[in-house]
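Engineer: below is the sequence, then the predicted model.
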2 protein chains.
Amino acid sequence: MFKINKERNTVKMTKYVYAFGNGAAEGDGARKDLLGGKGAGLAEMARLGLPVPAGFTITTQACTAYFKSGGHYPPTLKDEVEEALAGVEAVMGKTFGDPKNPLLVSCRSGARRSMPGMMETVLNVGLTTATIPGMIAKTGNARFVYDAYRRLIMMYSDVVMEKAEGIEPEEGKAVREQLEHLMEAMKQEKGYSGDTDFTADDLKTLSEQFKKKVKEVLGTAFPDDPMAQLWGAVGAVFKSWNGKRSVSYRRIENIPDEWGTACNVQSMVFGNMGNTSATGVGFTRNPATGENTFYGEWLPNAQGEDVVAGIRTPNPINDATKNDQNAHLPSLEAAMPDAYRQLLDVRRRLETHFKDMQDIEFTIEENRLYMLQTREGKRTGLAALNMAMDMLEEGLINEKTAVTRVLPHQLDEMLHPLVDPEAEKNVRAIAKGLPAGPGAAFGQIVFNSMDAVAWNKAGKKVILVREETNPEDVEGMRAAEAILTARGGMTSHAALVARGWGKCCVVGAGALKLDPREKTLTVDGKVYHEGDQFTLNGTRGLVYEGELPMMDATESPRLKEFLTIVDQYRTMKVRTNAETPKDIWMAKEFGAEGIGLFRTEHMFYGEGAETPLFLLRKVIMSNTTAERRAALDELAPFVKDDVETALEIMDGLPVTIRLLDPPLHEFVPKRPETRARLAQALGIDENEITKRSDAISENNPMMGHRGVRLGITYPEIAEMQFRAILEAAAELIIYGKNPIPEIMVPVTCDVRELDEIKIIFDRVYAEVIAKYKFEYMDCQYGTMIEIPRAARLSDQMAKTAEFFSYGTNDLTQMFFGFSRDDIGGFMVDYIDKKILKKDPFQTIDFEGVGPLIQESVQKGRATRPNLKIGICGEHGGDAESVKFCFDCGFDYVSCSPYRLPIARLAAAQAAIEAEEKAKKS
Amino acid sequence: MFKINKERNTVKMTKYVYAFGNGAAEGDGARKDLLGGKGAGLAEMARLGLPVPAGFTITTQACTAYFKSGGHYPPTLKDEVEEALAGVEAVMGKTFGDPKNPLLVSCRSGARRSMPGMMETVLNVGLTTATIPGMIAKTGNARFVYDAYRRLIMMYSDVVMEKAEGIEPEEGKAVREQLEHLMEAMKQEKGYSGDTDFTADDLKTLSEQFKKKVKEVLGTAFPDDPMAQLWGAVGAVFKSWNGKRSVSYRRIENIPDEWGTACNVQSMVFGNMGNTSATGVGFTRNPATGENTFYGEWLPNAQGEDVVAGIRTPNPINDATKNDQNAHLPSLEAAMPDAYRQLLDVRRRLETHFKDMQDIEFTIEENRLYMLQTREGKRTGLAALNMAMDMLEEGLINEKTAVTRVLPHQLDEMLHPLVDPEAEKNVRAIAKGLPAGPGAAFGQIVFNSMDAVAWNKAGKKVILVREETNPEDVEGMRAAEAILTARGGMTSHAALVARGWGKCCVVGAGALKLDPREKTLTVDGKVYHEGDQFTLNGTRGLVYEGELPMMDATESPRLKEFLTIVDQYRTMKVRTNAETPKDIWMAKEFGAEGIGLFRTEHMFYGEGAETPLFLLRKVIMSNTTAERRAALDELAPFVKDDVETALEIMDGLPVTIRLLDPPLHEFVPKRPETRARLAQALGIDENEITKRSDAISENNPMMGHRGVRLGITYPEIAEMQFRAILEAAAELIIYGKNPIPEIMVPVTCDVRELDEIKIIFDRVYAEVIAKYKFEYMDCQYGTMIEIPRAARLSDQMAKTAEFFSYGTNDLTQMFFGFSRDDIGGFMVDYIDKKILKKDPFQTIDFEGVGPLIQESVQKGRATRPNLKIGICGEHGGDAESVKFCFDCGFDYVSCSPYRLPIARLAAAQAAIEAEEKAKKS
């Protein structure tokens, strides 16, 4: 039995190596931070008694120590590794470097969170001139051993000797390419058509040529000492944490640089030892739909990397996994029924144990199953929802867990647009592939990652089309609306990455003939060029020429059911930012518990705006207060109607109405024709309009004469709005409704602004209740906190304001001095160069704006303990920001109707998390 | 002897009444907050044994209690007043309301700070039908008594019965006007030419008519009870604190509303009892020049108000006070030599006692001198400087006191422009008046206060021309560049107010014939209209037609001497914001100890900018980094030269060079012709320029792609600047100079921006010291704190920044969300409505921006204890802001060259104040 070294734990010394195998492990599944995801999964599987080849994990701590010391391993590491290796040798009955019975190992990276394909792996470590004979003797397969040897040299020289050393070869001079040339040369010389034609002797000769070439190109020899190989591989794995691709991926995924990677050293098992061997990957449930069927792909006589690389279309693991591309290939269930049955058993045990869908890797070596990996499987939003609901029904998980199983952004993905099915009926797809990422997307096709990034920067929507994607394509995939590949399966790189991001993706569309050099794509003889427009249906795997109409995803009953459960665990309210009846009704459907931001100026934009806009322009062109009052009187009924409609739809729920916000010059027509028409209608000279427009135009309108400042200068504008709102509510009350208006004063920086306008409000309020013979009516008076000064002076603001609503868009603008309209020029650089972790307009800047809001909330509530607090910036629909608002004690968040499900889920998850935390402490 | 009531002090009860007279007083000069300025002065004079008519002061506390209680006097006040009145009666040997020997009193306002003419006064209180016979018997002058009586009725009905009651009569229906009509009617009936023709009987009849009319107009009778008169007058004085004029004046002068006014009740003495009586005002030294001569004006047989009202041109008090307007009038020295000698003695005693120039009021009743007021005299900047230096030389005050005697803004006034004397030689003044406010001004003439305000709002410079000014004109005087009156003397309302504000002012220009209705002004038959351009020389009292060239005030040797003393008490450094050699040299003259803000972009503006601007445009039009680098290489020598010049002039003093700040689109030509020319010069299509310009144009440039953001996107721009600056310094070092460059990164919001750019800086630094074979060179790397986020995260900013310089202009903009360019539309309303106490762009907003800066300084120094801290916003030249910076522990302030004397003085005064405070505690 495997001997667990318990003594080391008693010594007060950092333990860097955790062994596993033979039904036991020093680590466990909970220690992902230390062992990385892969290491933790292996440990846990070993503990479950699943067939895991023995090995050990060098911890992420060792990695960070390695970097901190400038590339030195911790002094105790050598002893620990040697001790662990001895344990592996004991379990496997083989010895590392032993000429007779050699143990070979793999060295694989494994960070706390999965970074698929971003870091390095070295296989077959331990194969040397000394151990080759023993391996041949044991396997009886010289060709296999020399093939493994030349692969080791190739991989090792590339990964360990070149990349990890930071050598940047000239174009076409990379050691790997030079070795490939040698292979190609021999193939030509021998007249071979493929790699499989090589004989054992060929491969032996090739290995010698390889070693010579490596020495020649890199100046050092390929190490023939197994321990040298091992330490080289470990170092390369560590160093790959700081490789360009990894860094790039971490930036996108917000993975901290400090985490580091673990390195898993594990006994090699071989899926490529003939037709009784195989390798494969699987998901315990369907990751695209969530269906409770085993889902996977496999390749006979192959090594693990072959499945994921997307070079061959892999076989389906069972009938459930079959599709148009792979239906003709034999399933594992049919080809190796015993191994398949073992796998099914493993699947069951894993799900029972982990209570979640697992993503697994396995190898079958001469009919014997080995598990190489298990981890929580990535899934689409739809699958996450369905699995959560299924597992809840199966009794595998409880409601609270179900709520936490769907990520808020996955709901977003589910609410992605779809290709309109009616329109789709009438067009023929030019190609069909696998539905790797759901939803629909439209864009111009580009053929490489760089172009995708560049076109995206230029404001274009693009679809990245590739033969297959690899980790170098990550930036381009990010920039693209959707990804389309000609090769690869549902578990290919493109599919995994796109699914993780909730991005529309079609893979393995074999009909596409790509010429990335010429930047063309041929389907059935028709040639498409860079910039041509395509529409993808990622839910069905279809590719269309041109732009197809799209539609919003309709609400699924399952989603409704899920959100009903979600709402049981949610304590913070959600409201919406909406003005039109259509949007308000939709928001109610999506669960809005009120309107958090009703922009009064919306009536001057869009359809039906003509008359109100004309009247507003009349207000603007007025020369005296009397003229302005007269024009405002004409405008008032429109405002009243508008507000009344919103209050009526939201009957019984609060509606926060913001006073006129934009600077007036926004409404003055710009075009001479429109100006002329306006002049005629108003009976004034056109020059008057130009003069007035010039007089009120601004250099920095965002910080100009807007918001409350308008009301200070033109109190009659505020007065008209107060009266319209209060009378709208009064009339509804008379009709037996329950309107709950809240008046929000925008762009305030000082409580005296609120006080000044409140005098008008109080007077109008008294007049309105007198007019309608009420004793009282409900109408709170509050402010938007969107100017840094107001946030800082919130103790004062709360003296007059009955509620605060954080306008985080403007607050972010002023606090950073970033004009949202103008960040295009530099925000990309700020994110690229990691100056900012995230775009602060998407997620609240937790370093700067966040603490300011916290301080503001505390100050506000210190003055007025029952101060109602909400948010109406776009952050109200961002999951992380919603959680922040919950933690700050907000009463509600408000967002656009489509983001309501996200806000509801994020709020519920925040409440659950807080409850869990409270329980623990 | 006057009996001071000491018992009351022992009772724990607020004392509201403080008596004075007969060589003693309950209060003293130090209690201005309680007694008001006038009350404190009277008490102090009484203590000095000067001839003060006995009286008592009702405190400001009584006034504030009166307002707090909604218009009720404190319950104990009645007893206190009666007791004090009894004391006055005892001293004066007269009894209030006594038919035989009645005491009459005046009731005068008196706030903590002088508010000339803003509040009310009632004289002759105590004259009733019962006391008139006694007064006649005592004075033997029935005409005088009835004249006093009709004046009392007029004043009382106006001030107490109408204004204080808040009655707003229709146009022309004010009680005062109606009484004037009665007087006019009688004059006409009797065929009198003037008031002096009225006989005692006429005045008696008139008094009866007055009382009837008062009853008719106001519905209540003029009180015939002396105590009723007294309390009415006290209430009117209190209420006048909240009169429109007072409130308006307080807003301008930043006097808190909470202070309240005291009410001084004092025995009447009469300057209008014939030719042995007189009244006058004086300054113990010349308030315009500071000359150590007694300076004053008087009127024989007149009451005090007549001198100040400006109705008659008053007589000079002595030869020193004579001028063109009053030289023909007899001086007090000549007319009443005894009284004058007494006055000279008073002057000496006051200066010896107060050790400062006093502004006094006196009355001579039948050859007997009475002092009615003393207070610190307002003075021009020039006078303040000269007096401070004279008194220092006289040994009256010490250096520290001398430093505090000149207000920083008075230096500003001294540095006001003057009319160019050369130009002045060649033109004839159209009129001559008194030089009431120094300096020169140019503007368009307007004839009333409202027009002055309106024209000023419209951006015009105006000169307010009035027959004479009164407190209702305050707003217009404020709005005008200068004030010009046809009547009145150096102590008239216009002169006092203008001098207080350091505003150019000419008074008593008798040649002007005004027609305010027609808005014309006639001089020597020539008619001038509203809007005509005038130039005033306020230092000489001259009025010119049209615009005359002006020049900067040259430095006076006395100012230099004063500033030398100032600098001995100053601990904080002063630097300047300057770029051109001319400005830098000037700043050195003005005492700059370095440059706090050298704007690199200045070279692209103004003269000689053509070549650098062209090269910058080439940079902007570059399509690739290589092109941009090439253009930058061409530009570099200009930048280097520019910086080298500044460093050389400031040899041995620090020069803070700010990296390029404005967004690039600012430099793209706007006009088609210029674009065409640029296109030709660059050999590109004109459309290219338009395209590029459109691409980089911004909606809110203030928060756009500028400052450090340019360096993040185009590191080569930052690199060029670093190299130019460091090489400029290196070359100066080689020439044996001692350059101290400091590089300031603008518009930062996150320390990672500083870090990113620092990588370039460090590399260039290493390259430059290698090139010049130095081991080290001096160059600090710091940042401007001008974005609220940077201020909040100053602990982090200071990790990389070696210095902070607060860019308070931008910090104020972002913190308030006020675009400086666009506040024109509403800032006036904000100040008018008291939403903001002051324009935050002039004086640091101590409520909001101030605490943010304090927090930032603390956080910055917590990270880096020796962090150098300065300010380079325009607040660096504002006295209050400089004091704030000193209190925050700044190392220096930086301002424009002309404001350096102000900054030096403000810094010294702050240091002295802090020292005094430290001593006390």
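Structural biologist: Sure thing, it's come through. Treat the numbers as computed from the prediction; the structure is a model and nothing was measured.
Engineer: neighbours of whatever residue of the stretch 401-550 of chain A ends up closest to chain B, how many?
Structural biologist: For the stretch 401-550 of chain A and chain B, the shortest gap (Cβ to the nearest Cβ) falls at residue A:458, measuring 9.7 Å. Where you see a C-beta, it was placed from the backbone N, CA and C, and this is true even at glycine. Counted with other Cβ atoms under 10 Å in any protein chain shown, residues neighbouring residue A:458 total 9.
Engineer: and if you look at residue A:738?
Structural biologist: The burial count for residue A:738: 13, using other Cβ under 10 Å.
Engineer: hmm, back to that, tell me the spacing between the residue of the stretch 401-550 of chain A closest to chain B and residue A:828.
Structural biologist: 11 Å (Cβ to Cβ, to the nearest Å).
Engineer: and residue A:193, by the same measure?
Structural biologist: In this view, residue A:193 and residue A:828 are 47 Å apart by Cβ to Cβ.
Engineer: residue contacts, residue A:912?
Structural biologist: A:400, A:403, A:404, A:569 (Cβ atoms under 8 Å, 6 or more residues apart in numbering or on different chains).
Engineer: highest neighbour count among those residues?
Structural biologist: Taking other Cβ under 10 Å as the neighbour criterion, residue A:403 ranks highest of the contacts of residue A:912 with 24 neighbours.
Engineer: so for the helix or strand harbouring it, what's the average pLDDT?
Structural biologist: Using DSSP states H and E, residue A:403 maps to helix A:399-405. Per-residue pLDDT over helix A:399-405 has a mean of 96.
Engineer: same deal with stretch A:642-658?
Structural biologist: 97.
Engineer: hmm, who's touching it?
Structural biologist: Residues outside stretch A:642-658 that contact it (Cβ under 8 Å, 6+ apart): A:575, A:579, A:581, A:584-585, A:588, A:592-600, A:603, A:724-725, A:728-729, A:731-732, A:737-746, A:782, A:784, A:803, A:805, A:870, A:872, A:894.
Engineer: inside helices: which ones of those?
Structural biologist: Of those, the ones assigned to helices by DSSP state H are A:581, A:584, A:585, A:588, A:724, A:725, A:728, A:729, A:731, A:732.
Engineer: any of the residues you listed buried? List them.
Structural biologist: A:584, A:588, A:724, A:725, A:728, A:729, A:731, A:732 (16 or more other Cβ atoms under 10 Å in any protein chain shown).
Engineer: list the contacts of the first one.
Structural biologist: Think residue A:584. Counting by Cβ under 8 Å, 6+ apart, residue A:584 touches A:576, A:578, A:592, A:595, A:646, A:649, A:650.
Engineer: what do you get for the fifth one?
Structural biologist: Taking Cβ under 8 Å, 6+ apart as the criterion, residue A:728 is in contact with A:640, A:641, A:643, A:644, A:647, A:739, A:741.
Engineer: quick one: the nearest residue to it once chain neighbours are set aside from residue A:735, how far?
Structural biologist: Closest residue to residue A:728 apart from its sequence neighbours, by Cβ to Cβ, 6 or more residues apart in numbering or on different chains: residue A:644 at 3.8 Å. To residue A:735, residue A:644 is 10 Å away according to Cβ to Cβ.
Engineer: quick one: the helices in the stretch 551-700 of chain A?
Structural biologist: With DSSP state H, counting those that start in this stretch as the criterion, the stretch 551-700 of chain A has helices at A:557-569, A:581-589, A:610-621, A:625-649, A:672-682, A:686-696.
Engineer: am I right that residue A:810 sits in a helix?
Structural biologist: Yes. Assessed with DSSP: H, G, I helix; E, B strand; the rest coil, residue A:810 lies in a helix.
Engineer: wait, doesn't it sit right on residue B:817?
Structural biologist: Yes. Here residue A:810 reaches residue B:817: they are 7.2 Å apart, a contact under Cβ atoms under 8 Å.
Engineer: excluding sequence neighbours, find me the nearest residue to residue A:146.
Structural biologist: Using Cβ to Cβ, 6+ apart and skipping the chain neighbours, the partner closest in space to residue A:146 is residue A:203 (3.6 Å).
Engineer: identify the contacts common to residue A:810 and residue B:817.
Structural biologist: A:702, A:747, A:786, A:787.
Engineer: ranking by neighbours, what's the top pick from those residues?
Structural biologist: Top of those by neighbour count (other Cβ under 10 Å): residue A:787, with 32 neighbours.
Engineer: on that earlier part again, got the contact list for the helix holding residue A:403?
Structural biologist: Helix A:399-405 is contacted by residues A:355-356, A:384, A:387-389, A:391-392, A:397, A:562, A:565-566, A:568-569, A:905, A:908-909, A:912 when judged by Cβ under 8 Å, 6+ apart.
Engineer: look up how far chain B lies from residue A:686.
Structural biologist: Residue A:686 sits 22 Å away from chain B, going by Cβ to the nearest Cβ, to the nearest Å.
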